[in-house]
Each structure stands twice: as structure tokens, then as C-alpha cells.
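Engineer: Kindly generate the corresponding structure for this input.
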Amino acid sequence: MPTRAIGNRQVGAIGLGAMPMSVAGHMPDEAQSVRTILAALDAGVTLIDTADAYTPSHQDVGHNERLVARALALWSGDAGSVLVATKGGHTRVPSGWDLDGSPSYLKQACDRSLKALGVDSIGLYQHHRPDPRVPYEETMGALKDLHDAGKIQMAGISNADPAQIRLAHDILGDRLVSVQNEYSPRFRSSEPEIDVCAELGLAFLPWSPLGGVGRAGELSTRHAAFTEIADARGVSPQQVCLAWELARSPVVIPIPGASRPETILDSVAAAGLVLSEEERARLG
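Structural biologist: Predicted structure coming up:
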């Protein structure tokens, strides 16, 4: 698989978003989830995205991280070649979701993620979502402290606007390597963030690159050009979508979610699909 850079690491151009394996109402059984992760690894995926908040309920925080760790322990390949990216700061509560960007909480969350993943240092640790109750520079200071303590090897941010990206870069310097925002045919408002990432040399990791859990099929119904090009190429609309995102900028590394081996293998094939200028123009 072609590779792209996250900081000083080269990873496959398509990553795996493990979130669907832990979403209540959609999650498969554990055996199928492990098979999906192993299929991705065997196909050359070297970036797995998870988070402590990816869990079916607030009572099982770290569910997805533990699942990823379990699969890596079973894999026959070199687990050290895989960059596991996790996140903290978006919390689970009985009523659903909340935020806590305080430095004390982020450091506590990182320690919990270290335990869930079974590692001494996290490859890429990302602040999950800005907390309006906490000055952003204080949260970024916590990431800096975690890096300097050796608990994380690289830092990232998620759901950040251009000003927040620049502020994080000013505080973290080359510790900051990535930005993870929503981006797909149905959600294109992260174009400015992609441009800032290209300017600063940061990887841009689109979350929900196919439209979100249970929405990948909308490519066939709401975005006709993706289906038309897919039919002409003899591939899936999802492959065309991921190839379109890869063509947007060399800093883009899509992380499509998957809960079945078949879906991640289809997504991985997009890394070898090169769209023509005419096709890209039709897709917008």
C-alpha cells in the first residue's frame, strides 16, 4: 500500500477507524471485530484509530482500545509497525456525551488509555474535542506535558478550527503531527483545516470519511457522481470516495470505519485507485 507521513512515521494511505466495533446498536461480536482488525493488518493497514470514549456505554470506557490491543496481541505480524492513535477529552456519561479538556483530566485519561492499550507510551495521542469551559492553550499544555513525560510519542488534535490548529502548533511545535476532523462528500466544511494542515506539514485524518456509521450507502443515493464513476471503473462508490479524499491533498489519510473484514478490504483497495482530473472535477 502507498504510504503517507504522520510526523516521523510512515503509515498506509488508508487507516482503520475502529469506532463502529464499539457503537451500541451497531457493534458486532468480539470475534468478528478481531477478524476485521486482523484483516486490515494483513492487508497493509498500519494506522488504527480508536478512543477511550468509543464504548457502548459510560460503564465500559476504553472498550475499543482494549479490543484493538487484543487484536494486535493475536496478530502474527510486527505490532511495532502499527501506529495506534487514541483520543481523550470527550467523555461518556449516563446521559450520553460530555467534554473535559482540563489538564488534570486529560492526564488521567491518558494513563487509563495506556493501561487499556497495554503499552508504556502511546504512538499518537489526540485531544478529542475542544472544551469551551477550558482555555485551549491549557489543554494543549497538557499534551505537551504528556509528550515530554514520554507517555505519548506524538500529539494530535481533533475537531479543531484553523485558529485552534495554529494555536496548538505554536504551543506544541513539532510534537503536533495531526488533525482529525470530519470530512466526506456530505460534510465538506473542513476544507480550510486541510489547507492549514498542508501549510504546517500536519497529517489530516478525516473521520467518518464515508459519511458516518450506517451512512456509507448514501454515496449511491445522494452523490450520483461517485456511483457513476464507480460503475465505470468497476469498483465501489466507497472506493471512489476514499480515492477522492486522497487526491485532495498529500496530507490526507482517511480512516474509514469498519466492522466486517469485507468492508475494510474494499476500503484498502482505494489506496491504489487514481482518479483522473476529469473525474475529480465531476466529484467537486
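
Engineer: Please enumerate the helices of the stretch 151-284 of the chain.
Structural biologist: In order along the chain, the stretch 151-284 of the chain carries the following helices (DSSP state H, counting those that start in this stretch): 162-172, 191-200, 218-222, 224-233, 237-248, 261-268, 277-283.

Engineer: Please identify the deepest-packed of these.
Structural biologist: For the helices of the stretch 151-284 of the chain, the largest average neighbour count (mean count of other CB atoms under 10 Å) is found in helix 237-248, namely a mean of 24. Every C-beta, even on glycine, is put in place using the N, C-alpha and C of the backbone.

Engineer: what sits up against that one?
Structural biologist: Identification of contacts with helix 237-248 by CB atoms under 8 Å, 6 or more residues apart in numbering yields 13-14, 183-185, 194, 206, 209-210, 216, 219-220, 223, 226-227, 229-230, 233, 252, 254, 256, 263, 266-267, 269-271, 273-275, 280, 283.

Engineer: hang on, the earlier thing: which of the helices of the stretch 151-284 of the chain comes out lowest on mean pLDDT?
Structural biologist: Here the lowest mean pLDDT among the helices of the stretch 151-284 of the chain goes to helix 218-222, at a mean of 74.

Engineer: Packing partners of that one?
Structural biologist: helix 224-233, helix 237-248 (3 or more CB pairs under 8 Å, 6 or more residues apart in numbering; DSSP states H and E).

Engineer: So which of these is nearest L83?
Structural biologist: L83 lies closest to helix 237-248 among the helices and strands packed on helix 218-222, at 17.7 Å (CB to CB).

Engineer: what's the spacing between that closest one and its chain's center?
Structural biologist: Taking CA atoms, centre = their mean, to the nearest Å, one finds helix 237-248 lying 16 Å from the centre of the chain it belongs to.

Engineer: I'd assumed Y136 was in contact with L167.
Structural biologist: Yes: assessed by CB atoms under 8 Å, L167 is found in contact with Y136 at 5.9 Å.

Engineer: check contacts around the closest residue to M27 other than its chain neighbours.
Structural biologist: Leaving aside its sequence neighbours, M27 sits nearest to M21 (CB to CB, 6 or more residues apart in numbering; 5.8 Å). Neighbouring residues of M21 by CB under 8 Å, 6+ apart: 27-28, 33, 36-37, 54, 64, 67, 259.

Engineer: what do you get if the cut-off is 10 Å, keeping everything else the same?
Structural biologist: M21 makes contact with 27-30, 32-34, 36-37, 50, 54, 63-64, 67-68, 71, 257-260 under the criterion CB atoms under 10 Å, 6 or more residues apart in numbering.

Engineer: Surely it is within a helix?
Structural biologist: Yes: membership of M21 in a helix is supported by DSSP: H, G, I helix; E, B strand; the rest coil.

Engineer: Next one: it from R188, what distance?
Structural biologist: 27 Å (CB to CB, to the nearest Å).

Engineer: okay, the angle between the helix or strand that contains D145 and helix 162-172?
Structural biologist: Using DSSP states H and E, D145 sits in helix 136-148. Helix 136-148 runs at 40 degrees relative to helix 162-172, counting by axes from the mean of the first three to the mean of the last three CA atoms, to 10 degrees.

Engineer: helices and strands around helix 136-148, which ones?
Structural biologist: Counting contacts by 3 or more CB pairs under 10 Å, 6 or more residues apart in numbering; DSSP states H and E, helix 136-148 packs against strand 83-88, helix 103-117, strand 122-127, strand 152-158, helix 162-172, strand 176-180.

Engineer: could you dump those to a markdown table with distance to R4?
Structural biologist: A markdown table is the format used below for the helices and strands packed on helix 136-148 (distance: least, CB to CB, whole Å):
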| stretch | distance to R4 |
| --- | --- |
| strand 83-88 | 11 |
| helix 103-117 | 23 |
| strand 122-127 | 14 |
| strand 152-158 | 14 |
| helix 162-172 | 18 |
| strand 176-180 | 11 |
